[in-house]
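Trainee: Got a sequence here, can you build the structure:
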Amino acid sequence: MNFVEKLTNATRKNKSLLCVGLDPDPERMPDKVDVFEFNKAIIDATADLVCAYKPNIAFYEALGNEGLDALKQTVKYIPGHIPVIVDAKRNDIGNTAKAYARAIFDYFNFDATTVNPYLGFDSLEPFIQYQDKGIFILCRTSNAGAVDFQSLHCETGEHSHRPLFELVALKANQWNTHGNIGLVVGATYPEELRLVRQSCPDMPLLIPGIGAQGGDLAATVSYGVNARGEGAIINSSRGIIYASRGEDFAQAARQAALSLRKQINDCLPTSTP
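Mentor: Residues are numbered from 1 along each chain as shown. Prediction:
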């Protein structure tokens, strides 16, 4: 089963477009709970409510070997029918990109990863060649500084100009010969999300920016889903996993996930994704 099939199956099984970000921060976690124990409790509480999990590798790297060991344990623990997307934003030239891809897909066994397109196609090719894995190319990110480059208008010939993020989406369409490419588009820029979905009608979109970053949920769902009401992976991290710092943190996370899944589904044109 390839990534897109796995994502579609999880979406339909759990009636969910919700992705939970597993970003453990010891300063916000309950006292005396280690990283894997924390993740395990969150997964146990939410595995029937999500279409995917998304650990951001930075939170694990910051903890050294202990953190990376916890990440590997976490990936193994997540139920096999739920895809795991690592937010790593990796890229480099030649053999370095190949090494990144091997680490992510062969060593950690993630189902998908985020990648940076700045170096061009040859730097992404080692990832794309893993045909059963998902490759999410940064397109229009959710942070305020995204406008510094991603909104710049570029000449495309015949006096035509397009913003850089739109050119990234068009290139991703061209590169998607294996059907395993998706895009990262932030919920904080709904009009840009709409344009990307128009350019890429069937491509899976990983959509951060809901919750702590203030993205508009109704617009995100309306503009992010494909014609079948699927294909949008709406991520929330802090708003779910840190719903409580007490002993009830897992139960609080479940309630937050239940609430957000319902809000997402209520925005769909039909009752189920």
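Trainee: show me where this structure has strands.
Mentor: Along the chain, counting by DSSP state E, strands occupy 18-22, 52-55, 85-90, 112-115, 134-140, 153-157, 160-163, 181-185, 205-207, 232-236.
Trainee: Run me through the strand neighbours of the fourth one, direction for each.
Mentor: Right, the one you point to is strand 112-115. strand 85-90 (parallel), strand 134-140 (parallel) (DSSP bridges).
Trainee: so which of those strands is the most packed in?
Mentor: Across the strands paired with strand 112-115, averaging neighbours per residue (mean count of other Cβ atoms under 10 Å) puts strand 134-140 on top, at a mean of 26. C-beta: built from backbone N, CA, C; applies to glycine.
Trainee: Only alpha carbons, please: show it as CSV.
Mentor: This file holds the C-alpha atoms of strand 134-140, laid out as CSV (Å, rounded to 0.1, in the frame of the first residue of the first chain):
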residue,chain,number,x,y,z
GLY,A,134,4.7,10.7,0.3
ILE,A,135,6.7,13.8,-0.5
PHE,A,136,5.3,17.1,0.8
ILE,A,137,6.9,20.1,-0.9
LEU,A,138,6.9,23.4,0.9
CYS,A,139,4.7,25.7,-1.2
ARG,A,140,3.0,28.4,0.9
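Trainee: so where is the protein shaky, pLDDT-wise?
Mentor: Across the chain, the ranges flagged by pLDDT under 70 are 158-159, 211-215, 270-273.
Trainee: The residue nearest in space to the middle of the chain bridge partners, please.
Mentor: By Cα atoms, centre = their mean, the chain has its centre lying nearest to residue 206, at 4.3 Å. Counting by DSSP bridges, residue 206 is bridged to residue 184, residue 233.
Trainee: That one contacts residue 135, correct?
Mentor: No - contact criterion Cβ atoms under 8 Å: residue 206 and residue 135 do not qualify, at 10.6 Å.
Trainee: Show me whatever sits in contact with both of the two.
Mentor: The contact sets of residue 206 and residue 135 overlap at residue 182 (Cβ atoms under 8 Å, 6 or more residues apart in numbering).
Trainee: In contact with the residue nearest to the centre of the chain, which residues?
Mentor: So residue 206 contacts 19, 54, 85, 114, 136, 182-185, 233, 235 (Cβ under 8 Å, 6+ apart).
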